[in-house]
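Student: take a look and give me a structure for this.
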Amino acid sequence: MPHDEVSKVQRDRAKRLRREMTRAETLLWRHLKAKRLAGLGFRRQVPMGNYIADFAAHSCKLVIEVDGESHDFEERIRHDAARDRWFESRGYRVLRFTNDDVMKNLEGVVLTIAEAAEQAAPRSLTLSRKGRGNPSADGSLTRAPDFREEE
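Tutor: Numbering: from 1, shown residues only. Predicted coordinates for the structure are as follows:
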């Protein structure tokens with residue numbers, strides 16, 4: 001799927017947000033950067049369409065949002081819901097955490113992200129050493145019939 005066009009204004013805003021990350025975002029970024037979490041490549045402050053995701057792993061279509069107290073207001077909640085629907089319409093799963101979650105339960109947040117990434121990651125196909133496996137319609141591995149003569 002092609003990427004949505006991102007305006008120069010959005011790119012500049014994302015750069016500014018990278019420089020001005022909150023303490024909670026900075027703490028979580030230490031665990032996500034450099035493929036430290038399950039070997040996934042996360043990006044921070046990622047412009048996508050009209051939005052900027054706090055963190056995104058495109059390989060498993062996962063968006064992570066870290067929200068401060070401003071997200072507790074009704075108008076902001078509606079805006080966040082519309083934003084989440086936009087990401088979901090493009091196949092992304094959105095996980096939201098509060099700054100407080102990250103600051104007080106970082107291990108739990110990282111574990112939740114790892115589990116979500118594992119569920120969302122494309123399934124890999126492992127073939128037998130002789131390569132006689134075929135994916136079935138449900139994605140599981142079935143063996144091809146063995147046509148060798150019985151001895």
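Student: use CA for all of it now, contacts and neighbours both
Tutor: Noted.
Student: element containing residue 65, please.
Tutor: Using DSSP states H and E, residue 65 sits within strand 62-67.
Student: what of residue 97?
Tutor: strand 93-98.
Student: in a strand, residue 111, correct?
Tutor: No: per DSSP: H, G, I helix; E, B strand; the rest coil, residue 111 lies outside any strand segment and is helix.
Student: pLDDT at it, what is it?
Tutor: pLDDT recorded at residue 111 is 94.
Student: so who does it touch?
Tutor: With contacts defined as C-alpha atoms under 8 Å, 6 or more residues apart in numbering, residue 111 has no neighbours.
Student: and the residue nearest the centre of this structure?
Tutor: In the chain, the C-alpha closest to the average C-alpha coordinate belongs to residue 62, at a distance of 1.7 Å (C-alpha atoms, centre = their mean).
Student: the closest residue to residue 95 other than its chain neighbours: how many residues sit nearby?
Tutor: Leaving aside its sequence neighbours, residue 95 sits nearest to residue 64 (C-alpha to C-alpha, 6 or more residues apart in numbering; 4.9 Å). By other C-alpha atoms under 10 Å, the residues close to residue 64 number 19.
Student: contacts made by stretch 85-100 with the rest, please.
Tutor: Against stretch 85-100 from outside (C-alpha under 8 Å, 6+ apart): 24-25, 61-69, 84, 109, 113.
Student: what about 7 Å?
Tutor: Applying C-alpha atoms under 7 Å, 6 or more residues apart in numbering, the external contacts of stretch 85-100 come out as 24, 61-68, 84.
Student: tell me how far residue 37 lies from residue 56.
Tutor: Counting by C-alpha to C-alpha, to the nearest Å, the gap from residue 37 to residue 56 is 12 Å.
Student: that older thread, so who does the residue nearest to residue 95 touch?
Tutor: With C-alpha under 7 Å, 6+ apart, residue 64 has these contacts: 54-56, 94-96.
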